[in-house]
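Student: my questions concern the predicted model and sequence given below.
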Amino acid sequence: MAELLLLTLADIDWNDAEALLARYGLALERVADGAPIPGSYWGEPEAGVIGAAVYARGDTPVHSLLHEACHLVVAPAERRATIHTDASDSQDEEDATCYLQILLADYLPGVGSTRLMDDMDAWGYTFRLGSARAWFERDAEDARAWLAGRGLLASVA
């Protein structure tokens, strides 16, 4: 089987990603190709977070952009402003972030949840059922409940 090339921001319309983040009060900050990405936890080309901004380049994987943006979405408002690079140490928030990024992928033309889950698996996300899809479909009740309890599922529709 051929190796899956991760979908990057260069593969989609930047304006679509910018508009999606803006729905949540987030700014998408474009970083020049080859330049360091501010606030990147994993290092380039992965997205970075500082406050209410997500930093990315054209070679940033879409899954990374959505993951970091969702960390900011799920963070309590009072903590969001203080976030720099490391968005959370909470497993509940991490699970909610993964769940929300899968949902939001359907709002980016050319991406969709199926492709995003494939990219999550190819990048190396790990779930106890073996794949992002299996987790999302059969093991994510806690993440879904966490998001629902904070009104964040209603914001997706």
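Tutor: On my side now, so go ahead. Because the structure is a prediction, the values reported are computed rather than measured.
Student: what's the neighbour count on the residue nearest to R150 when sequence neighbours are not counted?
Tutor: Closest residue to R150 apart from its sequence neighbours, by Cβ to Cβ, 6 or more residues apart in numbering: V74 at 7.4 Å. Using the backbone N, CA and C atoms, a C-beta is placed for each residue, glycine as well. V74 has 25 neighbours, counted by other Cβ atoms under 10 Å.
Student: middle-most residue in the protein, spatially?
Tutor: By Cα atoms, centre = their mean, the mean C-alpha position of the chain lies nearest to H67, the distance being 1.7 Å.
Student: after the helix or strand that residue falls within, next one along is what?
Tutor: Taking DSSP states H and E as the definition, one finds H67 inside helix 62-74. Going down the chain from helix 62-74, the next helix or strand is helix 77-80, by DSSP H and E.
Student: for A96, see how far away the closest residue to D86 other than its chain neighbours is.
Tutor: Excluding the flanking residues, the one nearest D86 by Cβ to Cβ, 6+ apart is Y41, at 5.8 Å. Computed with Cβ to Cβ, to the nearest Å, the distance linking Y41 and A96 is 17 Å.
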